[in-house]
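> What follows is a predicted structure for the sequence shown.
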Amino acid sequence: MSKTTSNDGILATVSEAPTSRRNFLRSASLTAVGGALVACGTSSAASATQQASVAQAGSPKPGATGGTMGPHDTAHTGGAISAADQMDAMHEKGIKAFPASTKVHGNQILAPKIEKGVKVFELTAAEMQWETAPEQFVAALAYNGQVPGPQIRVTEGDRVKIVLTNKLKQSTAMHFHGLELPNEQDGVPFITQPPVKPGETHTYEFVVPNAGSHMYHSHHNSAYQVGLGLLGAFIVEPKNKAQEPKVDHDVVFILNDGAHGYTFNGKSFPATQPIVAKLGEKVRLRYMNEGMMIHPMHLHGMHQTVIAKDGWPVPAPWKCDTLNIAPGERWDVVVNCNNPGTWAFHCHILPHAESDHGMFGMVTALVVQK
Amino acid sequence: MSKTTSNDGILATVSEAPTSRRNFLRSASLTAVGGALVACGTSSAASATQQASVAQAGSPKPGATGGTMGPHDTAHTGGAISAADQMDAMHEKGIKAFPASTKVHGNQILAPKIEKGVKVFELTAAEMQWETAPEQFVAALAYNGQVPGPQIRVTEGDRVKIVLTNKLKQSTAMHFHGLELPNEQDGVPFITQPPVKPGETHTYEFVVPNAGSHMYHSHHNSAYQVGLGLLGAFIVEPKNKAQEPKVDHDVVFILNDGAHGYTFNGKSFPATQPIVAKLGEKVRLRYMNEGMMIHPMHLHGMHQTVIAKDGWPVPAPWKCDTLNIAPGERWDVVVNCNNPGTWAFHCHILPHAESDHGMFGMVTALVVQK
Amino acid sequence: MSKTTSNDGILATVSEAPTSRRNFLRSASLTAVGGALVACGTSSAASATQQASVAQAGSPKPGATGGTMGPHDTAHTGGAISAADQMDAMHEKGIKAFPASTKVHGNQILAPKIEKGVKVFELTAAEMQWETAPEQFVAALAYNGQVPGPQIRVTEGDRVKIVLTNKLKQSTAMHFHGLELPNEQDGVPFITQPPVKPGETHTYEFVVPNAGSHMYHSHHNSAYQVGLGLLGAFIVEPKNKAQEPKVDHDVVFILNDGAHGYTFNGKSFPATQPIVAKLGEKVRLRYMNEGMMIHPMHLHGMHQTVIAKDGWPVPAPWKCDTLNIAPGERWDVVVNCNNPGTWAFHCHILPHAESDHGMFGMVTALVVQK
C-alpha cells in the first residue's frame, strides 16, 4: 500500500530533540550498513569540531574553486590541528547535524473543506521569514506560511475550488502548471483574469482534468514571487489506479535555487529531510523544478526508473542514476530500495551541494533500512 | 492541409494599425473565453498606465530577485495610485501592446531562383540595426536584412545552391547544421574551405540529404557572428510525405539569448508573434536553439507531443508541457489545439520571461479560436 | 573487432614532431575530401600568422559578444594586413596546430595487478601542474599524474580492489559514480567511511556489479577536488558481450569546465585528440560530464545513435546530431562513419568552443579516412 496521505509518512521526523537528531544518521547507518560510521566517531574529530568555528574565518570561502591551491597549511604550527582536520571537522559537523530541525516544513498535505461535493482549498499568500536551515531565515512570500506551499492532492474528475487570498503588498495570481484547464482558470493577469490585488480574494473553480505531478505557482511578477516561495505541488491521482505503479512511498521533491539558496522542498542541507524506506520497498519520487537552473539529481547506490514526464507516462520506462531536471519540468521516477544503507542523494552540479565547509544546499539521503 | 509556405499563414499579422494591435488580445480572448478580459479593461488601469512611466524610476530594477521586499509602498500617499497598481499597469501595458509592430520580421520564406533544375538561394551577410521590439534597435549581423535569416524550405533530394555574399568587415562561412553533406560543403574555415573574406562570394552546392528541422549559421567567429544574428532555419521536407504528421500549421520557433536579449524568431515580447489556430487544428512547432543557454518551453492549456529530435523521428512520441531545448538542438512537437483561448507560451526560466516591469523576452501566445 | 584496450588505438598519436603535427589535418583532409584544404594553405596566410601575435593585443577579448561591432578596422593602414586577415590568421594558426602536442595525456588504461584472482588498481592523488594545451599549465589534483585519471576497465563480476593513496594536503575519498555497490564502499566521508587523511591509504574492495559507462571521483570537498582533476572513467563491460553493440572503436569522452577551462579528456583545443576511423567503421562514444554546466555535443556530417544512459541501455535507440550532456550524466552513442572527411565535433554552447581568436576549449574532430 502506498502512503500518499503525506510525505511525513516517509520523510524522517525532525521534531525530535537535538540529541536524537544528532544520532539519526549514525543509528540509521549502523542499522543499515553494520557499523561503518563507527570509525568516524573519534574524539579527535569531536574536538576538531569545536575549534572549527575559530579556524573558519581564515579559510577559503565556500564555493571557491579557483586555480590556486589556497593557504590550507597556515594552521600547521606546533600542536595545532591540521588544516585537513579543520576542514574535515566542518564536513563532519554538517553531516552529524543532518537532519537538522527547523520549526516549520512546507509541502504539508492540505485537507480540503467539502462544500456540496466540491473540495475547497484555501491558500493565503503573505510575506514571512522562512527558515531554510537552523537559524538561517530568508525573506519569503509563502502560501499558508509554508515554502513550498501546502501540497494539494486530488483525483481526476474531482470538483475543486482554490480560494486565493492576497495578503501581499503586490498583486498576484495563480497558475496551475500542467493542468489543462478552461482558459479563464489559467491564472495569467491581463490575459485570462485581472490581477488579484492586495487584500482581494479570487476563487478558481474547475473539474480536475489530466492526472500527474503538477504544480501551482504565482504567474504575476513571477520571477520574483515564485523565486521567493509562491509555489507548491498539485498532485492529481488518476481515476483508474491500475495505471499507477505500485509503490510503498510517494514523495514530492521540489527543487529551487533562487534568493533562498539551493533547496529541496524549501530546506537546505542539513535541514533537508531524508527519505526513509525499508529494504525491498519502492519509492516514487516526483521531481519538480521551480528554479532558474537545471539540477541533475544523482542518487547513490540504486538507479531510478523514469515513469512519467510532466505527468504523462513515458512510452517505455528508462533507467538512470542522474536525472536532469530543467525549470518547469516534472519527472516521476521509481526507486526499488534493494540496497541497504544511507545513500547520498544530491544535485550533481557540485557547487550546488558542497563547499570546502562541507555539504550544503541540494543534498539529502535515501536511507534503506534492513 | 498543412500551410507550409510561410509562418505568416499562422502567425498573426503585425502590420496592422496600432489601434487594432491593441485590440488583438482582447478580441482574440473575447472570442475564445467569453469575455474574461473585460474585467481587466477598467479606466483606472488605463490611468495608472499613464502614470507608470513616472513611477518607474523609483521602482526595483527588472529581474531583481533579492531577498528584500523592496520599497513598494513608497507611493502610498494621499490619493496616489498604489505601488501594486503601478506595477500592474506596467504589466498590463506590455500585454495590451502584444503583438507589437516592428518594421521587419525574420524567418520569411525565401523563394529560390530555379537554374537548370537547381534551386538557388542567395544570402548576403551584412551589418544592420535590428528592431527586437518597438524602438529597441540592436547592432546585428543579418542575412538579407533579417534576424533570423530567411527560411529555406526544400525537399529531400532537391539540388540546391546557396550563394553566400559577405558584406561584413569580418570573414565568414556557412555551416548547414544537421545536414549530412559532403565534407567540402560543411562550412568550417581551414578544415573544409578557406574563410569567405569581406567582399567575396562563396557558393555551396549539394543534393539535399536527410529530412528534418535543420539550421544554417555562420561557423567562423561563431560565438560572435551567430550571437549577432547570422542564423536561419533550413527545413527539409521528406520525399515521402506519408512519413509526416498531418498538421494544419507548421511553425519555426528559433530561440536566442545573446546580445539581442531573449528572443523568439528575433523578437522580444511584446513584439513576438502569436500563433493563431482554430479549435481542432493541429500545429507543428519546430524549436531550434541558436543561443548559449537552455530554454524549457512551457505551453499553457495543452500538452506538446514530441515527434522528432534534430530532424530524426523519435522511436515513440512522448508528451510534455515543458520541453527543455539546449543550444544546437531542434525538437519538433505537435499541439492538438483542443482548448479554446489565449494561452501564455514562454520559456520557464522565469527571468527570461518576466520582471517586475511585466513580461518581456521569451513570451508569446498560442491563440485557439472557437 | 572493437579496440577497447585503449583510446590510443583510435585517437591520433600526438607524440610526433611539430612538423608532422602541423601537417596532420591537412593530410587527413586531403585524403578525405580531395584537397579542399589546399586553398587555405597560401603563403599570405602564413605571413599573417606571424604578425597575428602582434595584432592580438589590440583586438577584442576572446568570448566578447557585446552589442558593438568593435574596432576591427583599426589596422587598416597602408599595406598592413586587414583586420579580417588578422583574425583569420589566428583561426588558421589554431587549426593548423591541431592536434597540438602536450607531454602527458590522461585517461590511459590502467593495467591492474592480479592478486589471488583480484584485480588491484592503485591510484595516488597528488598535486601537480597539468598541461591543458601547449605551455598552458594549470594547478591540478590528479590521480597517478593524469587528468582525467587512468581509465579503469573491468568486466561485470570481476573482483577488484582500488587502493587509494592520498598525497594531497586535504583529506579525500573516492565515489564510484553509477556502480551499485555495498554502502560501505560508496566513498562518502562521515556517511559511509571516515575521510582518507593526507598520507593515508584506503582500499575499496568489491565485486563489480552493473555494467556500463561509469566514473570514479572524489566525494570530499568535491566541487574543488573534482574541479581540479580528481576524476576518471570506470568502464564495466557486460559478462554477456552479445548485449553490446558491435563497434570498431570505443572512446571515452570526459567533459569538464572548471578551473582548467573547457576540456575534453583534460585537454583544450588544439591539444584535444581527434578520433580517427576508417570509412565504414563504427565508433562508440562514452560521454561523461564531470563539470558544472551542460554541454550539448554536436557532431558534423553524421548523426549519433543513442544506445545507453548512465550505463543502462535505452528502451529504443534514438538519433540526434546534438546531444545534451548534463553534469554527472553519461550517454553512450554509436556513430556509423559513412561520410569521409574531417568533421568538426564540439560543444554547441559557442562560447565554449570559439572566440574571435579562433577555436579553443571544447573542440575536436572526427576524421573518417577513405
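Here it is on my side, so go on. Residues are numbered from 1 along each chain as shown, chains lettered A, B, ... in the order given.
> what are the pairing partners of the longest strand seen in chain A, and which direction each?
In chain A, with assignment by DSSP state E, the single longest strand is strand A:118-133. Paired neighbours of strand A:118-133 in the sheet (DSSP bridges): strand A:113-115 (antiparallel), strand A:136-143 (antiparallel), strand A:159-166 (parallel).
> tell me the most buried of these?
Neighbour counts (mean count of other C-beta atoms under 10 Å in any protein chain shown) averaged over each of the strands paired with strand A:118-133 peak at strand A:136-143, with a mean of 22. Placement of C-beta: from N, CA and C, glycine included.
> which parts of the next helix or strand after that one are buried?
Next in sequence after strand A:136-143, counting helices and strands by DSSP states H and E, comes strand A:152-155. By 16 or more other C-beta atoms under 10 Å in any protein chain shown, the buried positions in strand A:152-155 come out as A:I152, A:R153, A:V154.
> mind listing what the first one touches?
Residues near A:I152 by C-beta atoms under 8 Å, 6 or more residues apart in numbering or on different chains: A:L110, A:F121, A:I162, A:Y216, A:G232, A:A233, A:F234, A:I235.
> Backbone dihedrals for the first one, please?
The reference is to A:L110. Per-residue torsions, A:L110: phi -100, psi 120 (degrees, to the nearest 10).
> mind checking how far the closest residue to it other than its chain neighbours is from A:I349?
Excluding the flanking residues, the one nearest A:L110 by C-beta to C-beta, 6 or more residues apart in numbering or on different chains is A:P150, at 3.6 Å. According to C-beta to C-beta, to the nearest Å, A:P150 and A:I349 sit 29 Å apart.
> Which part of the stretch 151-300 of chain A gets nearest to chain C, residue-wise?
Closest approach between the stretch 151-300 of chain A and chain C, counting by C-beta to the nearest C-beta: A:P296, at 4.3 Å.
> Between A:P150 and A:I349, point out the one with more neighbours.
Applying other C-beta atoms under 10 Å in any protein chain shown to A:P150 and A:I349 shows that A:I349 carries more neighbours, namely 25 against 22.
> wait, doesn't that one sit right on A:H298?
No - counting by C-beta atoms under 8 Å, A:I349 does not reach A:H298; the two are 9.9 Å apart.
> Report the separation between A:N324 and chain C.
Using C-beta to the nearest C-beta, to the nearest Å, one gets 4 Å for the distance from A:N324 to chain C.
> Show the subsequent helix or strand relative to the helix or strand where that residue lies.
A:N324 is part of strand A:322-325 when elements are defined by DSSP H and E. Sequence-wise, the next helix or strand downstream of strand A:322-325 (DSSP H and E) is strand A:330-336.
> helices and strands around that next one, which ones?
On a contact count with 3 or more C-beta pairs under 8 Å, 6 or more residues apart in numbering or on different chains; DSSP states H and E, strand A:330-336 meets strand A:212-218, strand A:282-289, strand A:304-309, strand A:322-325.
> Is chain C within reach of the next helix or strand after that strand?
Following strand A:330-336 in sequence order, the next helix or strand is strand A:341-347 (DSSP H and E). Yes - residues of strand A:341-347 are located near chain C by C-beta under 8 Å from any C-beta of the partner chain, namely A:G341, A:T342, A:W343, A:A344.
> Return the list of strands paired to the strand holding A:N324, each annotated with direction.
In the sheet, strand A:322-325 lines up against strand A:295-299 (antiparallel) (DSSP bridges).
> what does the strand it pairs with rub up against?
A:253, A:255, A:257, A:287, A:289, A:304, A:321-325, A:335, A:343, A:345-349, A:352, A:362, A:366, C:177, C:326-329.
> need the residues of the stretch 201-350 of chain A near chain B, please.
A:210, A:219-224, A:226-228, A:258-259, A:292, A:294, A:309-312, A:314-316, A:324, A:326-330.
> Now A:P313: closest residue in space that isn't a chain neighbour?
Spatial nearest neighbour of A:P313, chain neighbours left out: A:I307 (6.4 Å); criterion: C-beta to C-beta, 6+ apart.
> how close does that neighbour sit to C:P315?
Where C:P315 is concerned, A:I307 sits at a distance of 12 Å (C-beta to C-beta).
> what residues are shared contacts of the two?
A:P317.
> between these two, who's got more neighbours?
Set A:I307 next to C:P315 and count neighbours by other C-beta under 10 Å: A:I307 wins out with 18 against 14.
> ok, the more buried one - contacts?
Contact analysis of A:I307 by C-beta under 8 Å, 6+ apart lists A:P245, A:R284, A:P313, A:V314, A:P317, A:D332, A:V333, A:V334.
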